[in-house]
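Enquirer: Coordinates only, no sequence provided:
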């Protein structure tokens, strides 16, 4: 295969990878606006964090393989996974709650307490 064609294929492949990366980066925000069931219920809280952490690792496998081939050891990909995990944790546990404003403790009890009007009609 001529060098120019190989270079063009690599460029298209790298551009497609960049597009997938952008879509995966924007997906949590877009899913938030999809609706109650597919959006908030699906990606909110711990379940959403686990889902997108797993997807992030899954979609980083080609890059991790390339890093392994370049350095010839699993140390470099392990460092990359550690950096990804640290960045994801900061985003999920520090930046996300700071942006949403849900970091304040609530004064409400864990279980709902019936009001006096509610208990009157049961007596």
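Expert: Looks like it came in fine. This structure is a prediction, so every number in the text was calculated from the model and none was measured. Residues are numbered from 1 along each chain as shown.
Enquirer: Near residue 62, how many other residues are there?
Expert: The tally of other residues near residue 62 (other Cβ atoms under 10 Å) stands at 12. Heads up, the C-betas are built off the backbone N, CA and C, glycines and all.
Enquirer: actually residue 97, not the one I wrote
Expert: By other Cβ under 10 Å, the residues close to residue 97 number 12.
Enquirer: Now it: which helix or strand?
Expert: Using DSSP states H and E, the element containing residue 97 is helix 96-100.
Enquirer: who does that helix touch, helix- and strand-wise?
Expert: Packing contacts for helix 96-100, counted by 3 or more Cβ pairs under 8 Å, 6 or more residues apart in numbering; DSSP states H and E, involve no helix or strand.
Enquirer: going forward can the numbers begin at 380, since that is how I track them
Expert: With the count now opening at 380, the last piece we talked about shows up as helix 475-479.
Enquirer: what pLDDT, on average, does it get?
Expert: For helix 475-479, mean pLDDT rounds to 74.
Enquirer: same thing with stretch 424-444?
Expert: The average pLDDT for stretch 424-444 rounds to 84.
Enquirer: got the contact list for it?
Expert: By Cβ atoms under 8 Å, 6 or more residues apart in numbering, the list of residues contacting stretch 424-444 from outside reads 396, 399-400, 403, 406-407, 421-422, 456, 459-460, 463-464, 467, 471.
Enquirer: Many thanks, we can stop here.
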